[in-house]
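In: model this:
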Amino acid sequence: MEPAPSLPFVAPELLTALADPSGLRLDCNEAWREVFGDDGLWGRLPLEDARFAQEHAVEASRGGSVTNEVFLIERSTGEGPLPVLLHFQPIRLPTIESGRYPVSIHGEVMREPASWAAEQTRRRRMEMLGRMSMGIAHDFNNLLTAVLGHAELLRSDLLRLGAGRDAQDHLRSLEQAAGDGASLVRKIQQYIRNEKQERAEAVALHGIAEEVLTLTRPYWYNEPRRRGIAIQVQSTLRPVPAILGTPTELREVLVNLVLNAVQAMPAGGTLSIATSRRARACVVEVGDTGVGMTESVQRRVFEPLFTTKGSGGSGMGLTMSQGIVQEHNGRIEIESAPGRGTLFRLVFPFSTGTPAPETARETALKPSTAPGLRLLVVDDEPMVRTVTSKLLRLRGHTVREVDGGPAALTALAEDADLDAVVTDLSMPDMSGRELAAAIRQRFPGLPVLLLTGDTDAEADGADVSAVVKKPFQLDVLDAAVREVAKREGA
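Out: Residues are numbered from 1 along each chain as shown. Just a heads-up that it's a prediction; the model follows:
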């Protein structure tokens with residue numbers, strides 16, 4: 001058995017430790033012990049940060065490398081957290097065949113101020129939260145797909161049975177509520193991803209402002225109500241000419257301003273948001289009736305790391321917002337006074353383009369009365385797979401359904417006499433993207449339609465015939481299936 005490696009001589013100021021494949025400490029130098037203590041590998045790290053560090057160590061034990069991760073060490077002296085920069089590397093011993101290696105961890109105490117390091121830690125946590133939220137959004141989209149799908153099946157039954165107007169009105173309300181939920185999930189996904197490669201386009205600011213009000217409703221309505229206070233909302237969202245911009249970045253700015261406004265009214269008040277035009281410019285105003293700011297605070301409010309929120313603020317929100325506004329050739333104006341609230345005014349130049357309606361691609365698709373097709377539906381979620389298959393059968397299609405990519409390839413090996421395959425994107429063992437690639441290789445000419453509840457970026461690069469977003473309307477799915485079968489089918 002390969003003996004555990006020992007620590008080489010290192011500079012005394014360099015933090016160095018060795019861990020076994022499970023992340024347990026084998027050895028460390030005196031500098032590491034002084035910073036982290038003797039209680040395990042991560043003795044003085046907060047519990048959540050210790051979990052992150054342990055995950056990085058396990059990842060390195062599997063052969064990966066994790067570099068430039070910032071952690072904050074709690075100090076008993078009351079001087080504030082100590083920022084430490086760590087790197088995790090596998091020690092590849094030739095006699096180890098399990099693929100799990102000991103891990104070398106080294107780093108140094110940073111010279112940057114603790115507030116900067118705290119911002120890096122906050123960013124890492126927000127990234128983790130974002131990844132978790134995207135998973136929740138995906139699951140929620142699956143649930144909404146099932147709800148809307150069964151609503152369409154119920155509509156078919158009501159029409160067949162000659163149900164009265166009340167029953168149909170109730171069903172329409174159910175569909176509207178589920179549709180609103182799907183729209184909210186899409187907005188959350190777009191906000192979380194905030195992809196920098198998104199191209200600038202003609203954007204209607206009054207539409208962005210309306211989305212932000214919906215997105216932030218839990219902060220200005222639900223949460224204050226739980227605390228026994230009320231925040232009123234005054235929105236004057238007049239249609240304004242388009243500006244050239246990136247929707248996700250503009251949403252980020254307005255979300256930050258709305259959250260700041262809510263935080264400035266701890267006892268309640270009025271949140272206002274308005275859009276208007278000024279000469280050759282579009283204006284968005286976000287205001288509150290809260291505590292207000294002194295002139296000295298207003299002069300510093302866009303400085304990096306400057307905050308009036310104490311430990312609860314990073315001092316980066318308005319800095320980043322100003323940067324985004326300036327990238328859009330705009331400017332931010334402030335009106336405020338202590339005890340009289342604050343108004344942030346964003347001013348942007350007009351664009352010459354016209355915003356495209358969000359659902360233009362979907363509404364262009366029309367149902368068909370043509371003969372049914374032979375289809376294979378692939379999804380690892382039984383609820384979604386079943387309702388998708390039932391809906392397609394309503395349109396006269398012959399449908400076979402299977403659980404996941406490997407089962408789909410087995411079914412195709414037995415009988416590939418099909419017009420198209422309809423598959424989910426996110427599946428364990430074999431994703432929809434991987435299944436499509438395998439079908440292209442083994443069954444060339446067989447169209448593959450991808451269903452996804454994720455963002456467009458998740459489906460980018462997939463070798464498929466078409467993509468339909470979940471939750472979908474039956475008319476949209478039916479038209480897309482027929483189109484790819486007609487265009488690519490033999």
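
In: Can you give the distance of the helix or strand hosting Gly107 from its chain's centre?
Out: Element membership of Gly107 [criterion: DSSP states H and E] is strand 103-109. In terms of Cα atoms, centre = their mean, to the nearest Å, the gap separating the centre of strand 103-109 from the centre of its chain is 31 Å.

In: partners of that strand in the sheet?
Out: Strand 103-109 has these partner strands in its sheet, going by DSSP bridges: strand 15-19 (antiparallel), strand 82-90 (antiparallel).

In: Would you list the strands that the helix or strand following the first one pairs with, along with their directions?
Out: Read it as strand 15-19. Sequence order places strand 25-28 as the next helix or strand after strand 15-19, per DSSP H and E. Taking DSSP bridges as the criterion, strand 25-28 pairs within the sheet with strand 15-19 (antiparallel).

In: circling back: just the strands paired with strand 103-109: most buried one?
Out: strand 15-19 (a mean of 22; mean count of other Cβ atoms under 10 Å). All C-beta spots, glycine's among them, are computed from the backbone N, C-alpha and C.

In: follow-up on the earlier one: what residues of the strand holding Gly107 count as buried?
Out: Residues of strand 103-109 classed as buried under the neighbour-count rule (16 or more other Cβ atoms under 10 Å) are 103-108.

In: Looking at those, which is nearest Lys390?
Out: Minimum distance to Lys390 across the buried residues of strand 103-109 is 50.6 Å, recorded for Val103 (Cβ to Cβ).

In: Quick one: the helices in the stretch 301-450 of the chain, in order.
Out: When assigned using DSSP state H, counting those that start in this stretch, the helices of the stretch 301-450 of the chain occupy the ranges 317-327, 360-363, 382-394, 405-414, 432-442.

In: hang on, the earlier thing: can you tell me which of the strands paired with strand 103-109 has the worst average pLDDT?
Out: Sorting the strands paired with strand 103-109 by mean pLDDT places strand 82-90 lowest, at a mean of 85.

In: Report the beta-bridge partners for the nearest residue to Leu418 once chain neighbours are set aside.
Out: The shortest distance from Leu418 to any residue that is not its chain neighbour, by Cβ to Cβ, 6 or more residues apart in numbering, is 4.8 Å, and that residue is Arg374. Legend: beta-bridge partners of Arg374 under DSSP bridges are Thr398.

In: mind checking how far Arg374 is from Asp166?
Out: When distances are taken as Cβ to Cβ, to the nearest Å, Arg374 and Asp166 turn out to be 39 Å apart.

In: between those two, which one's more packed in?
Out: When Arg374 and Asp166 are compared on other Cβ atoms under 10 Å, the one with more neighbours turns out to be Arg374, at 15 against 8.

In: Mean pLDDT per element in this protein, and the minimum belongs to which helix or strand?
Out: Ranking every helix and strand in the chain by mean pLDDT, DSSP states H and E puts helix 360-363 at the bottom, with a mean of 36.

In: Against Arg100, how distant is the closest residue to Gly339 other than its chain neighbours?
Out: Counting by Cβ to Cβ, 6+ apart, Gly339 lies nearest to Gly292, which is 5.5 Å off, once chain neighbours are set aside. Separation of Gly292 from Arg100 (Cβ to Cβ) stands at 58 Å.

In: burial count for the residue nearest to Gly339?
Out: Look at Gly292: counted by other Cβ under 10 Å, it has 18 neighbours.

In: Now do the SS call for it.
Out: Using DSSP: H, G, I helix; E, B strand; the rest coil as the criterion, the local structure at Gly292 reads coil.

In: ok, it to Leu14 distance?
Out: From Gly292 over to Leu14 (counting by Cβ to Cβ), the distance is 49 Å.

In: For the nearest residue to Ala230 once chain neighbours are set aside, which residues are in contact?
Out: With Cβ to Cβ, 6+ apart as the measure, Gly268 is the residue that lies nearest to Ala230, at 4.9 Å, once sequence neighbours are left out. With contacts defined as Cβ atoms under 8 Å, 6 or more residues apart in numbering, the neighbours of Gly268 are 224, 229-231.

In: Show me where the stretch 1-150 of the chain dips below the pLDDT cut-off.
Out: Across the stretch 1-150 of the chain, residues meeting the criterion (pLDDT under 70) sit at 1-13, 76-80, 94-99, 111-134.

In: Just the element for Gly135, please.
Out: Taking DSSP H and E as the definition, one finds Gly135 inside helix 114-161.

In: For the strand holding Gly107, list the C-alpha coordinates in PDB.
Out: Extracted C-alpha coordinates of strand 103-109, given in PDB (Å, rounded to 0.1, in the frame of the first residue of the first chain):
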ATOM      1  CA  VAL A 103      -4.900  16.200  -1.800                       C
ATOM      2  CA  SER A 104      -2.400  19.000  -1.500                       C
ATOM      3  CA  ILE A 105      -4.000  22.200  -0.200                       C
ATOM      4  CA  HIS A 106      -1.900  25.400  -0.100                       C
ATOM      5  CA  GLY A 107      -2.600  29.100   0.200                       C
ATOM      6  CA  GLU A 108      -1.800  32.400   1.800                       C
ATOM      7  CA  VAL A 109      -3.300  35.100   3.900                       C
END
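
In: contacts for that strand?
Out: For strand 103-109, contacts defined as Cβ under 8 Å, 6+ apart pick out 10, 13-21, 23, 35, 41, 57, 60-61, 82-91.

In: Count the neighbours of Ile439 for me.
Out: The number of residues packed around Ile439, counting by other Cβ under 10 Å, is 25.

In: That one reaches Val448, doesn't it?
Out: Yes. With contact defined as Cβ atoms under 8 Å, Ile439 and Val448 form a contacting pair (5.6 Å).

In: picking that back up, so which of the buried residues of strand 103-109 is the closest to His150?
Out: The nearest member of the buried residues of strand 103-109 to His150, counting by Cβ to Cβ, is Val103 at 49.5 Å.

In: separation between that closest one and Val147?
Out: Between Val103 and Val147 the distance is 46 Å, computed by Cβ to Cβ.

In: Enumerate every residue touching Val448.
Out: So, once contact is read as Cβ under 8 Å, 6+ apart, Val448 ends up touching 420-421, 423, 435-436, 439-440, 463-465, 484.

In: and it, what are its bridge partners?
Out: On the basis of DSSP bridges, Val448 takes part in beta bridges with Val421.

In: Quick one, grab the pLDDT at it.
Out: Per the predicted model, pLDDT is 92 at Val448.

In: Ok, Thr248 next?
Out: In this prediction, Thr248 carries a pLDDT score of 77.

In: Just say helix, strand or coil for it.
Out: On the basis of three-state DSSP, Thr248 is classed as helix.

In: Where do the domain boundaries of this protein fall?
Out: Per automatic domain parsing, the domain ranges recorded for the chain read 15-111, 128-193, 201-349, 366-488.
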